[in-house]
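K.L.:
coords please:
(4 chains)
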There are 4 protein chains.
Amino acid sequence: MSRNIRFVQGNEACVEAAIYAGLSFFAGYPITPSSEIAEHLARRLPQIGGKFIQMEDEIASLCAIIGASLTGHKVMTATSGPGFSLMQEALGYAIMAEIPCVIVNVMRGGPSTGIPTHGSQGDINQARWGTHGDHSIVALTASNHQELFEVTVSAFNLAETYRTPVVLLFDEVVGHMRERLIIPEKGELPLVERLKTSVKEGVDYHPYLPREDGRLPMSDFGEVHRYNVTGLYHDMWGFPSSEPRVVHGLIRHLVDKLENRVNKIAMFKEYFLEDAEYILISYGSAARSALHVVKDRRLRGERLGLLELQTLWPFPADIVRSKCSDAKAVVVVELNMGQVLQSVKIAVDDSERVFLANRIDGVFIMPEDIMNILRLIQGKGV
Amino acid sequence: MSRNIRFVQGNEACVEAAIYAGLSFFAGYPITPSSEIAEHLARRLPQIGGKFIQMEDEIASLCAIIGASLTGHKVMTATSGPGFSLMQEALGYAIMAEIPCVIVNVMRGGPSTGIPTHGSQGDINQARWGTHGDHSIVALTASNHQELFEVTVSAFNLAETYRTPVVLLFDEVVGHMRERLIIPEKGELPLVERLKTSVKEGVDYHPYLPREDGRLPMSDFGEVHRYNVTGLYHDMWGFPSSEPRVVHGLIRHLVDKLENRVNKIAMFKEYFLEDAEYILISYGSAARSALHVVKDRRLRGERLGLLELQTLWPFPADIVRSKCSDAKAVVVVELNMGQVLQSVKIAVDDSERVFLANRIDGVFIMPEDIMNILRLIQGKGV
Amino acid sequence: MSRNIRFVQGNEACVEAAIYAGLSFFAGYPITPSSEIAEHLARRLPQIGGKFIQMEDEIASLCAIIGASLTGHKVMTATSGPGFSLMQEALGYAIMAEIPCVIVNVMRGGPSTGIPTHGSQGDINQARWGTHGDHSIVALTASNHQELFEVTVSAFNLAETYRTPVVLLFDEVVGHMRERLIIPEKGELPLVERLKTSVKEGVDYHPYLPREDGRLPMSDFGEVHRYNVTGLYHDMWGFPSSEPRVVHGLIRHLVDKLENRVNKIAMFKEYFLEDAEYILISYGSAARSALHVVKDRRLRGERLGLLELQTLWPFPADIVRSKCSDAKAVVVVELNMGQVLQSVKIAVDDSERVFLANRIDGVFIMPEDIMNILRLIQGKGV
Amino acid sequence: MSRNIRFVQGNEACVEAAIYAGLSFFAGYPITPSSEIAEHLARRLPQIGGKFIQMEDEIASLCAIIGASLTGHKVMTATSGPGFSLMQEALGYAIMAEIPCVIVNVMRGGPSTGIPTHGSQGDINQARWGTHGDHSIVALTASNHQELFEVTVSAFNLAETYRTPVVLLFDEVVGHMRERLIIPEKGELPLVERLKTSVKEGVDYHPYLPREDGRLPMSDFGEVHRYNVTGLYHDMWGFPSSEPRVVHGLIRHLVDKLENRVNKIAMFKEYFLEDAEYILISYGSAARSALHVVKDRRLRGERLGLLELQTLWPFPADIVRSKCSDAKAVVVVELNMGQVLQSVKIAVDDSERVFLANRIDGVFIMPEDIMNILRLIQGKGV
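P.N.:
The predicted model follows:
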């Protein structure tokens, strides 16, 4: 059992979780503060028979894992904001072609090269809207290493279940912080394996023909079936089409397969929400300070609660609305200028009771920062 | 006078407007449905002593115009969704380094290569959130060629005024449609020229020290002053800094220079809003059908109005809220799954009276489509 | 005319206004930041035949002017917080015995000796509640010297009209700041003179028998009529009574003579309130920064307004409620921990849209401080 | 056991409780209706080795006990409204210098000398706001002698725990009424003793450096440590400072040490609140009639409840709001013109459902008075 307890950085926890989930192919290009993920995988993947490739840039990295995924591998790449921006075109391809893959973005301050070694949560809306055209996506996050491990495993599970890219949005604070991690025993966390087609060799395989449950079985590319993979709107054989019915059907499929399951995909934690007058909504490292504030204020009898989001996209609007329906005010705590704030404003009935507690100067938000903003929101001044 | 009246595609109108505004450097890579912009400029720019370069890809194209802008030129590139996705990393650099430049995205259906020769308005939120990190941006659009001309000139003016990239979000319908354009006489439309520093050679020039009015004078790169240009957070000399006060000050500057002037930057047209019970909000080609509906219904005595947005970012939330404050319902008409819809929902007091009239199958939205949706909203059924 | 333009401290403006209003007797004990009032009056009063006495402490000072007022003089004393605390017992006597007098409190930071030479607005609620028992009082303030002059004249007018102590709550910033003052010509501002009884010598005079209009004529003490003056509940002759009907009648009279005329006594200024979405409520020096913010934001098209209170007590609740009925949020700007804030919260319908923008560290609140708090209140974060 | 049962005035119950709590020094000046407290202590304190001093006035009385407290004694003074007004300046000093002391105000009608031998509850807001400057304070009350005993012991405990003056706001009715009192055995009620510093002689002692739990250990003045005690803003050594950070930190400390523990400090009793449609809020002698009404109406099946406050300051707003959240109407029963009424209005969400049942004519409020007002509130007319 002692073998399974580690004192690690978040980036290393992510590596171990990916391996636990079945990762066998990683391609990447190093960038602070994500580089430890590549470093550890360069050592760990060969130990278990997997492949690690350092690519010439982030575009190549994402394209490499898309190809590897098509051949039947569970795949991942890791980067930070600037690299994630470079990946936007290939990300749209993966969405359109329904390629299971996991992309880690350990966020630093942006835009551009910004502030490499300081934390930020500035890429939340980019994960949703960074590539062009209507689409949907899954993005997850975590505030501590144990949950980061579980969330990373979930990322692979969701990617395989829905044939979709899943983005892991960690932040520099979580990525670089060291804390205890208990690696679960094999079997402790459920794993979703690639759904392979049962269509035999020589029989017509339709890569985009959904089963009754909506899932699309895959056939390892280069093996027994020949089929087309494209970024264009396509029919059930994967061949391009601009037939309005086909276009409409495909785009609705790409969006609905995630948005219609938003409550199933939603992972979150709640603390003291039942009778909360003031609800903090937070995620990632910022949620650590938010939780501290809530526990501290509860000791004093104040009715504060925390909703910690682990699924950021598709945004769990119904859950947020229902949890916040009785709150006097909702305070989104995040390390940016108000990105989840926008989704919360759309979700709740009365957007004027939604406030923002944030920092944007590269310094981690402390409980005191949140409490000072709470005072102002409560109309108590400085 | 006859010389000034043309019957052109929207893409050609854009070219003539850019030249009118002072464009002297264009770099690009062809992509449908924007290619006519490059084609025409390849012919037109040499005629007026400007430079046209075809680059190896869209990343190189944006980087080339960033460099040319720094040397004192008014610059532009043009692309469509996939190319715009590739530009996201360099776009963040231009935002951070405050480089005046104009980027045209003639939108087609996405994600990925999608549906090249059909119209869409699916890249609205990408224009705002496509690059990583907190930032702001200007994005403009137009629904007819005369306004497309004016809006293009405004794009150059805003880029120079605020030292910012400006995105022109046209759509395939507008880009390819032919209609009459009267090219204004020189002087008819005001032009904003590059604000050059008055600091002499040999005197310390601060590229990021605002004047009293907030504007940052530039010095042609490679000429008399040496200074640093970086994508990192930087001080007034352009040198990297992770000092929290500097980081906070810079990010607020980058955002506030646009968001605090949202009402000044806002361009829009309004039709019959004063007493409108139902307000359509639309933009680009979709606004043509919306306007048709409004005019048609007014003839029947129905109190319908149209707010046509030309400035999409920064989103003119105050204007939308104030124009819609007395409306029973607001219907956003757009060729996507509801992107401006989200901004309108945040802007108005009661998001439950905001509806969407759209098409996502590559077919242009017709007045009849809008009218059918209106009936449903009015509780009149199908 | 040039004789009437001065460049003076607020304290000197107060002195000139008091003389303009008819002040002929001042007793006081020096305390920063009010001392200049005593200094200037020590020179000015003898010039016009008035009397200046420096007393041994603040208790004696208030008692001295109470006595002088009874003999027919317009009277004033001036102090700061610690002295005002010492005056609370005699203040109650003046309220009960209905003695016209003006008490200036040039506020510094408290409690106790606090921070003598820095500004504060921490004595607002003390002016209302500092003496024991149910009662009402008039308290006025001003943000610039011209208005300070007018408000000081009003203080004397209200004291004489309602036979009540009037408190002038200036703050250190206004008291010590120098700016231009145009002293009005005689007759330009209306003056209220002592209402003397028309009852002749030898005829029974009732010092507490109201005329039809509610006013109580006075008879100079020591002159032709003998009557009783007491701090006990008393009848119309001034003799003590604990008869419930008399007690009830007297306390209602003391309170109603002011509270029922709250809208008449209310002095205030308004800026851009008609269509304001966000209303600042401020007073005294803090209102200078608040006005700056409002004007600055209006230039940018934001719908901000300012309600500047000059009458603090009786609190003009109806006016505040009606002015703020359409505002999204009301922000009280004051140099304390939220004193007028409380009155505003009671006045408006929905106390949860009332916020506080304040400083409590002895530093003057700057427009930037207000704007930062506004951002948080608007849910825009730091 | 019989020795411990008494039939006493409230004032005598207060005396016995103070001695039980450890009182060893009392200084005072007699005033109706508090004089019996001084009378009894003049006899009782010498019996137990304590000191009783009659001072020349109330200012001297409070100053004397402040000094005695600093030397290590538990101290008290007692007065009524006029004396309490005189104490306001020294009260602010005790707040600023954080001197544990208990001040009893046995309220009579005011303002001024008012109505000495009749009851009133007119000094509630004065206890909070009587001294100048922002501050906080503890004020307690009771409606019967057994609770008056316990509340008095709590007053000493809170004074020592938080190094703060505590005001006991009794009223003439409670002070002079005789009823049964069982004096608790030693140890039955917990006592808080002075927290003495563990810093040895010759080692630097910081009188204003909080321990980890926020408490400030004291050192008997005149003993082994020399330190500064001032009414000015001061640093952790007690030396004056006008440094904004120090000023802000001290004022927040003075306020937060009480306001942040409002729920801990809150003492109250509740009767039939669970399902109450109409909630009476009362305190002191008035709560006796309110309780009578509630019990009487419950017998008739009416859903009436009573919240009796024992802690008046810091005002337990959260508790009031939460207890009243489901009530149709809240009726504050008090012997003044509506002082706790104001705090209740700020506390509850909808201030328009808060009503006042009071008397202000010196006559005790009877159950019938309350019932008449209730009828009107319930829309049943007179």
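K.L.:
helix or strand with the lowest mean pLDDT in chain A?
P.N.:
When each helix and strand of chain A is scored by mean pLDDT, DSSP states H and E, strand A:115-119 comes last, with a mean of 90.
K.L.:
so how far is it from its chain's centroid?
P.N.:
Centroid separation between strand A:115-119 and its chain, computed with CA atoms, centre = their mean, to the nearest Å, is 20 Å.
K.L.:
that strand close to chain C?
P.N.:
No: using CB under 8 Å from any CB of the partner chain, strand A:115-119 stays clear of chain C, with a minimum separation of 15.2 Å. Backbone N, C-alpha and C define where each C-beta goes, glycine included.
K.L.:
helices or strands up against that strand?
P.N.:
Applying 3 or more CB pairs under 8 Å, 6 or more residues apart in numbering or on different chains; DSSP states H and E, we find strand A:115-119 packed against strand A:101-109, helix A:172-176.
K.L.:
of these, which is nearest chain C?
P.N.:
strand A:101-109 (14.1 Å; CB to the nearest CB).
K.L.:
A:Ala60 belongs to a helix, doesn't it?
P.N.:
Yes: assessed with DSSP: H, G, I helix; E, B strand; the rest coil, A:Ala60 lies in a helix.
K.L.:
mean pLDDT, distance to chain D and mean neighbour count added to the helices and strands packed on strand A:115-119, as TSV?
P.N.:
Output for the helices and strands packed on strand A:115-119, formatted as TSV (pLDDT from 0 to 100; distance: least, CB to the nearest CB, whole Å; neighbours: other CB atoms under 10 Å in any protein chain shown):
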stretch	mean pLDDT	distance to chain D	mean neighbour count
strand A:101-109	97	27	30
helix A:172-176	96	26	26
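K.L.:
okay if I get the ones you listed as CSV plus distance to chain B?
P.N.:
As requested, those are exported to CSV (distance: least, CB to the nearest CB, whole Å):
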stretch, distance to chain B
strand A:101-109, 6
helix A:172-176, 12
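K.L.:
in the stretch 251-382 of chain A, which residue sits nearest chain B?
P.N.:
In the stretch 251-382 of chain A, the residue that lies nearest chain B is A:Asp361 (3.8 Å; CB to the nearest CB).
K.L.:
wait, isn't that residue in contact with B:Ser242?
P.N.:
No: using CB atoms under 8 Å, A:Asp361 makes no contact with B:Ser242, being 9.3 Å away.
K.L.:
the two: who's more crowded?
P.N.:
Using other CB atoms under 10 Å in any protein chain shown as the criterion, A:Asp361 and B:Ser242 rank with A:Asp361 on top: 24 against 17.
K.L.:
could the C-alpha coordinates of stretch A:326-340 be exported in PDB?
P.N.:
The C-alpha coordinates for stretch A:326-340 follow below in PDB (Å, rounded to 0.1, in the frame of the first residue of the first chain):
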ATOM      1  CA  ASP A 326     -32.300  30.800  -2.800                       C
ATOM      2  CA  ALA A 327     -29.000  32.600  -2.500                       C
ATOM      3  CA  LYS A 328     -28.800  36.300  -1.900                       C
ATOM      4  CA  ALA A 329     -25.700  36.600  -3.900                       C
ATOM      5  CA  VAL A 330     -23.400  34.400  -5.900                       C
ATOM      6  CA  VAL A 331     -19.700  35.200  -6.000                       C
ATOM      7  CA  VAL A 332     -17.600  33.600  -8.700                       C
ATOM      8  CA  VAL A 333     -14.000  33.200  -7.500                       C
ATOM      9  CA  GLU A 334     -11.600  32.800 -10.400                       C
ATOM     10  CA  LEU A 335      -8.200  33.900 -11.500                       C
ATOM     11  CA  ASN A 336      -9.300  35.900 -14.600                       C
ATOM     12  CA  MET A 337     -11.500  38.900 -15.500                       C
ATOM     13  CA  GLY A 338     -14.700  36.900 -15.200                       C
ATOM     14  CA  GLN A 339     -15.100  34.000 -17.600                       C
ATOM     15  CA  VAL A 340     -17.100  31.400 -15.600                       C
END
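K.L.:
helices or strands next to the biggest helix by length in chain A in the packing?
P.N.:
Secondary structure of chain A per DSSP state H: the longest helix is helix A:145-162. Contacts defined by 3+ CB pairs under 8 Å, 6+ apart place helix A:145-162 against helix A:10-21, strand A:101-109, strand A:138-140, strand A:165-171, strand A:178-182.
K.L.:
tell me which of those sits nearest to C:Ala78.
P.N.:
Shortest distance between C:Ala78 and the helices and strands packed on helix A:145-162, using CB to CB, is found for strand A:101-109: 54.1 Å.
K.L.:
let me know the angle separating that closest one from helix A:10-21.
P.N.:
With axes from the mean of the first three to the mean of the last three CA atoms, to 10 degrees applied, the angle from strand A:101-109 to helix A:10-21 works out at 170 degrees.
K.L.:
quick check, A:Arg226 in a helix?
P.N.:
No: using three-state DSSP, the assignment for A:Arg226 is coil, not a helix.
K.L.:
that older thread, can I get the helices and strands packed on strand A:115-119 in JSON lines with distance to C:Gly338?
P.N.:
Listed next are those as JSON lines, based on distance: least, CB to CB, whole Å:
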{"stretch": "strand A:101-109", "distance to C:Gly338": "35"}
{"stretch": "helix A:172-176", "distance to C:Gly338": "34"}
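K.L.:
ok, which of those comes nearest C:Arg353?
P.N.:
C:Arg353 sits nearest to strand A:101-109 of all the helices and strands packed on strand A:115-119, at 33.6 Å, using CB to CB.
K.L.:
so, in contact with chain C or not, that closest one?
P.N.:
No: applying CB under 8 Å from any CB, one finds strand A:101-109 out of contact with chain C, separated by at least 14.1 Å.
K.L.:
off-centre distance for that strand?
P.N.:
Worked out by CA atoms, centre = their mean, strand A:101-109 lies 8 Å from the chain centre.
K.L.:
what's the angle from it to strand A:115-119?
P.N.:
Here the directions of strand A:101-109 and strand A:115-119 differ by 90 degrees (the same axes, to 10 degrees).
K.L.:
and A:Val330, what element?
P.N.:
Using DSSP states H and E, A:Val330 maps to strand A:329-334.
K.L.:
ok, and what's touching the following helix or strand past that strand?
P.N.:
Next along the chain after strand A:329-334, taking DSSP H and E as the criterion, comes helix A:340-347. With contacts defined as CB atoms under 8 Å, 6 or more residues apart in numbering or on different chains, helix A:340-347 is touched by A:124-125, A:281, A:283, A:309, A:312, A:315, A:317-318, A:320-321, A:324, A:330, A:332, A:334, A:351, A:354, A:356, B:342, B:345-346, B:351, C:379, C:381.
K.L.:
if you set the cut-off to 7 Å instead, what comes out?
P.N.:
A:124, A:281, A:283, A:312, A:315, A:317, A:320-321, A:330, A:332, A:334, A:351, A:354, A:356, B:342, B:345-346, B:351, C:379 (CB atoms under 7 Å, 6 or more residues apart in numbering or on different chains).
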